[in-house]
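Student: Need a 3D model of the sequence below.
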Amino acid sequence: DDKLLFLITDGKPCCSSSGTNTDPCPLKDDLDNLGVTVIVVAVGTFDQGPIQCLVRNAQDRIITIADLDQDQFDAVEATIAEITCPENLVVPPEPLTCAEAQRYCKEVVGTQLATIRTVDDRTEAIGVLNAAGESEGWIGLYSD
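Tutor: Now for the predicted structure:
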């Protein structure tokens, strides 16, 4: 299976929950071991040095674009979500471990685990779980 990490950045450091800047470079070895191709869309003009570590393989890329306003960014994000995310949330017939849930999504549904980005996504996921009589579910925080 092809695996892809698609990152859109304006070069501003992201922060961890503790408020400290996070360095993406230590993740690259794990991404390579998992066979993940990294595509970074760099928006605007900034020093790309801190993200160069993410594109050290021939298939990895940094694509630089001049600028995106909020509407353009939302359109790009929506297009990526449409291509990579399932349209309908599915609850398997029995409880599964995370690895089993990943396999179920890939083999039965033909997608990855759900991704929750917005309050609307969260509300939809809770509604689907409630309708299935479930109080917990897996989301796509781990890639196999």
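Student: buried ones in stretch 62-81?
Tutor: By neighbour count on 16 or more other CB atoms under 10 Å, the buried set for stretch 62-81 is 62, 68, 76. Where C-beta positions appear, they are placed from N, C-alpha and C, glycine not excepted.
Student: again, but for stretch 25-40
Tutor: 28, 31, 36, 37, 38, 39, 40.
Student: Inside helices: which ones of the residues you listed?
Tutor: Assigned to helices by DSSP state H, the following of the buried residues of stretch 25-40 qualify: 28, 31.
Student: with the buried residues of stretch 25-40 in mind, which one is nearest to residue 10?
Tutor: Within the buried residues of stretch 25-40, the smallest distance to residue 10 is 11.4 Å, found for residue 40 (CB to CB).
Student: Quick check: which ranges of this structure have low pLDDT?
Tutor: 1-2, 13-22, 77-89, 117, 139-144 (pLDDT under 70).
Student: residue boundaries of the helices in it?
Tutor: 27-33, 70-84, 98-104, 119-131.
Student: CA atoms of the last one as CSV?
Tutor: What follows is helix 119-131 as a C-alpha-only set of coordinates in CSV (Å, rounded to 0.1, in the frame of the first residue of the first chain):
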residue,chain,number,x,y,z
VAL,A,119,-16.2,20.3,15.3
ASP,A,120,-18.6,19.1,12.6
ASP,A,121,-16.4,16.0,12.0
ARG,A,122,-16.4,15.4,15.8
THR,A,123,-20.2,15.8,16.0
GLU,A,124,-20.7,13.4,13.1
ALA,A,125,-18.4,10.8,14.6
ILE,A,126,-20.2,11.0,18.0
GLY,A,127,-23.5,10.6,16.2
VAL,A,128,-22.4,7.6,14.3
LEU,A,129,-21.0,6.0,17.5
ASN,A,130,-24.2,6.7,19.4
ALA,A,131,-26.4,5.3,16.6
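Student: Can you tell me what sits against it?
Tutor: 89, 90, 91, 114, 115, 116, 135, 136, 137, 139 (CB atoms under 8 Å, 6 or more residues apart in numbering).
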